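Chemist: Prediction below, plus the sequence it came from.
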Amino acid sequence: MDLIKLKKGFMNEVIIREVKEKFRARFKEEPTLFRSPGRVNIIEEHTDYNNGFVLPAAIDKAVYIGVSKRQDNNIKLFSEEFQEEHTCTLSTVERTTKGWPNYILGVVDQLLKRGYTIGGFNLNIEGDVPIGSGLSSSAAVECATAFALNEIFQLGIGKMDLAFIGQKAEHEFARVMCGIMDQFASVFGKKDHVIRLDCQSMEYEYEPLVLKGYKLLLLNTNVKHSLASSEYNTRRRQCEEGVHLVKKRYPKINTLRDVTMSMLEECVTDSLVFKRCKYVIEENIRLLAACEDLKKGDIKALGEKMYRTHDGLIKEYEVSCRELDFLVDSVRSHPDVLGARMMGGGFGGCTINIVKEEAINGLFDALANSYKKEMGLDLTHYIVETDDGSSRIV
Ligand code: GLA
């Protein structure tokens, strides 16, 4: 374990050094460096935009940016990952077809729309959050940008609003109508803790994550489903439709958070809308019970709930896919795996597994073989630790 930690610490140092050196070489200036992490999510999905509860944690995989102020109004961006630059000015900030600049420019756009005064800047970006794997690399970029611009232009924006700015950037520039979970976790993460966030009141509590000899193992299907964002927005609309139907009889209801199963049974006859909403209502109840498991240190009970979440995501919310199901089914009765499920928006990305530390290598080798044989794809894995949220490094 110490070896893993040492290696990770070393990797972070390497990335930080690289961002700095590459920034100096490219922009002939000294950067200020910022870090914003990706996230895991222990239990539940698709509850945040329904004003429910979520239980994410920031992880030790992050986006690093170097940034410096310019004397003019130009914005010069460079992605080390894509080896691509993007240039515009403060008055020509708009969505691009390149993809990656949108997560930065979307934040700039939000700051300008909210009346903040910023100048031109240089920015380079690098990181080790795998893209499109359900670990929220996009939120990490948005939050790192918001955090950095807030600091170098001394805007005085609080952490909660930085998360909201990141979320709105995702809505308007990436066109995914996401909830607040990812940006919140990236900004507010705390090492060795998960965060129980109430997305209605935005009240949150840190719960210690004590896994006693077990680790969080992420298995990456390496599937990036092209329908993911359109299906995400469709799910959101179906939930809104459920609320709309309940509201006709119960006018005070505004979100699924306040809808009970009996209200749903009484008001919603459309079977598709019914099962989407049923999943969300049950998932909120499951999450609160899972928090009790965590408090008691009953990781076995927590793990069992993870399987039930996965089943709901397959059958009722219908956001899983055969590769994710294959991975979860392969570990369901494994004695060293306490729980597993798909994680994030769905249709690909990673599963999250709670696995006995000494069993990880053997399990991964066996799974990688069968996954290749049955799905024809390579399997990748990450052993992640929880970590702190967005910060300035130097
Ligand atoms: C994506 C979104 C989040 C959340 C999850 C599903 O990660 O960005 O807001 O809705 O999907 O739980």
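Modeler: Ah, there it is.
Chemist: who's in contact with the residue of the chain positioned farthest from its centre?
Modeler: What lies farthest from the middle of the chain is Arg249; by CA atoms, centre = their mean that is 35.3 Å. When the contact criterion is CB atoms under 8 Å, 6 or more residues apart in numbering, the partners of Arg249 are Met263, Glu266, Cys267. No exception for glycine: its C-beta is placed from N, CA and C like everyone else's.
Chemist: Got phi/psi on the first one?
Modeler: When read as degrees, to the nearest 10, the backbone of Met263 gives phi -60, psi -40.
Chemist: which parts of the longest strand seen in the chain are buried?
Modeler: For the chain, the strand that runs over the most residues, judged by DSSP state E, is strand 56-69. Applying a neighbour-count criterion of 16 or more other CB atoms under 10 Å, one finds 56-68 buried in strand 56-69.
Chemist: Going along the chain from it, find the next helix or strand for me.
Modeler: Toward the C-terminus, strand 56-69 is succeeded by strand 74-79 as the next helix or strand (DSSP states H and E).
Chemist: Please report the confidence value the model assigns to the residue farthest from the centre of the chain.
Modeler: On the pLDDT scale, Arg249 is placed at 97.
Chemist: Report the contact partners of whatever residue of the stretch 201-350 of the chain ends up closest to the ligand.
Modeler: The ligand sits closest to Gly345 of the stretch 201-350 of the chain, with a gap of 3.5 Å, by CB to the nearest ligand atom. Gly345 makes contacts with Glu45, His46, Gly134, Val176, Cys178, Ala228, Ser229, Tyr232, Val319, as judged by CB under 8 Å, 6+ apart.
Chemist: out of these, which are buried?
Modeler: Buried by 16+ other CB under 10 Å: Glu45, His46, Gly134, Val176, Cys178, Ala228, Ser229, Tyr232, Val319, out of the contacts of Gly345.
Chemist: Switch these over to TSV; also include pLDDT.
Modeler: Listed next are these as TSV, based on pLDDT from 0 to 100:
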residue	pLDDT
Glu45	96
His46	97
Gly134	91
Val176	91
Cys178	95
Ala228	74
Ser229	81
Tyr232	92
Val319	96
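Chemist: Could you check stretch 202-218 and say which residues are buried?
Modeler: The neighbour-count check on stretch 202-218 (16+ other CB under 10 Å) flags Glu207, Leu209, Leu211, Tyr214, Lys215, Leu216, Leu217, Leu218 as buried.
Chemist: Can you check the pLDDT for the closest residue to the second one other than its chain neighbours?
Modeler: Closest residue in space to Leu209, ignoring its immediate chain neighbours: Val194 at 5.1 Å, by CB to CB, 6 or more residues apart in numbering. Per-residue confidence (pLDDT) for Val194: 97.
Chemist: can you confirm Val194 is in a strand?
Modeler: Yes: according to DSSP: H, G, I helix; E, B strand; the rest coil, Val194 belongs to a strand.
Chemist: Check what contacts stretch 129-140 and list those residues.
Modeler: With CB under 8 Å, 6+ apart as the criterion, stretch 129-140 contacts 36-40, 59, 61-63, 81, 103, 127, 166-167, 170, 174, 178, 182-183, 185-186, 218, 220, 224, 342-346, 348-350, 380, 382.
Chemist: tell me the contacts of the residue of the stretch 1-150 of the chain found nearest the ligand?
Modeler: Going by CB to the nearest ligand atom, the ligand is nearest to Glu45 of the stretch 1-150 of the chain, at 3.5 Å. For Glu45, the contact set (CB under 8 Å, 6+ apart) comprises Glu283, Thr309, Leu313, Tyr317, Val319, Met342, Met343, Gly344, Gly345, Gly346.
Chemist: quick one: which of these sit in helices?
Modeler: Glu283, Thr309, Leu313 (DSSP state H).
Chemist: tell me the contacts of the second one?
Modeler: Residues counted as contacts of Thr309 (CB under 8 Å, 6+ apart) are Ile43, Glu44, Glu45, Glu283, Arg286, Arg341.
Chemist: hmm, try it at 7 Å
Modeler: Thr309 sits next to Ile43, Glu44, Glu283, Arg286, Arg341 when contact means CB atoms under 7 Å, 6 or more residues apart in numbering.
Chemist: How about Gly389?
Modeler: Pro37, Ala58, Ser186, Val187, Phe188, Gly189.
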